[in-house]
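In: Okay, here's the prediction I keep looking at, along with the sequence it came from:
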Amino acid sequence: MLPTVVLAEDAAGLNLFVNEFGGDLGLGSRDIRSTIANVINIAAGLLGIIFVIYMIYGGFQWLTAGGNEEYVKKAKHCLKSGIIGIILIFIAYPLAKFILDAVLKSTSDF
C-alpha cells in the first residue's frame with residue numbers, strides 16, 4: 001500500500017503536503033531550522049570536549065618530555081593548535097547562531 005499524502009494548512013494559510021506516515025517513520029514534527037540549531041549546539045559541545053582532551057594531551061606530552069627539546073616543541077605545537085582551534089570555535093559559534101537567527105527571523109513571516 002502506498003503512503004497517502006494529505007493536504008494541510010500552516011499558520012499563514014499556505015498549502016503544504018504532509019505525509020501521514022511521517023510519525024511512523026520517525027521523521028518527527030520539529031522545524032528543520034530548530035533541528036539545525038540543535039545540531040550546531042551539539043557539534044560545538046563536542047568540539048569543546050575535543051579541545052579539552054587535546055590540551056590535556058599536549059600538557060601530558062610536555063610533562064613527560066624529560067627535557068628533550070624535540071618533544072617540548074611538539075607539545076607546544078599541540079597546545080598552540082588547541083588554542084587556535086578553540087578561538088575558531090568561539091568565532092564560528094556566534095556567527096552560526098547569528099545566521100540561523102537571521103534566517104529564522106526572515107522566514108518566520110511566511
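Out: Now that the structure is in, tell me what you want to look at.
In: Pretty sure Arg30 sits in a strand.
Out: No: secondary structure of Arg30, determined by DSSP: H, G, I helix; E, B strand; the rest coil: coil, with no strand assignment.
In: Share the number of residues neighbouring it, please.
Out: Summarising burial for Arg30: neighbours were counted as other Cβ atoms under 10 Å, giving 9. Using the backbone N, CA and C atoms, a C-beta is placed for each residue, glycine as well.
In: Could you tell me the per-residue confidence at it?
Out: The predicted local distance difference test score for Arg30 is 72.
In: The one 10 residues further on now?
Out: Predicted confidence (pLDDT) for Ile40: 86.
In: what about the residue of the chain most remote from its centre, which SS state?
Out: The outermost residue of the chain, judged by C-alpha distance from the chain's mean C-alpha position using Cα atoms, centre = their mean, is Gly67 at 39.5 Å. The three-state label given to Gly67 by three-state DSSP is coil.
In: can you give me phi and psi for it?
Out: Phi and psi for Gly67, reported as degrees, to the nearest 10, are phi 90, psi 0.
In: For the helix or strand hosting Ile53, name the packing helices and strands.
Out: Using DSSP states H and E, the element containing Ile53 is helix 32-63. Using 3 or more Cβ pairs under 8 Å, 6 or more residues apart in numbering; DSSP states H and E as the contact criterion, the elements in contact with helix 32-63 are helix 69-107.
In: before we move on, back to that, how much space between the residue farthest from the centre of the chain and Pro94?
Out: Using Cβ to Cβ, to the nearest Å, one gets 41 Å for the distance from Gly67 to Pro94.
In: How about Thr35?
Out: For Thr35 relative to Pro94 (Cβ to Cβ), the value is 20 Å.
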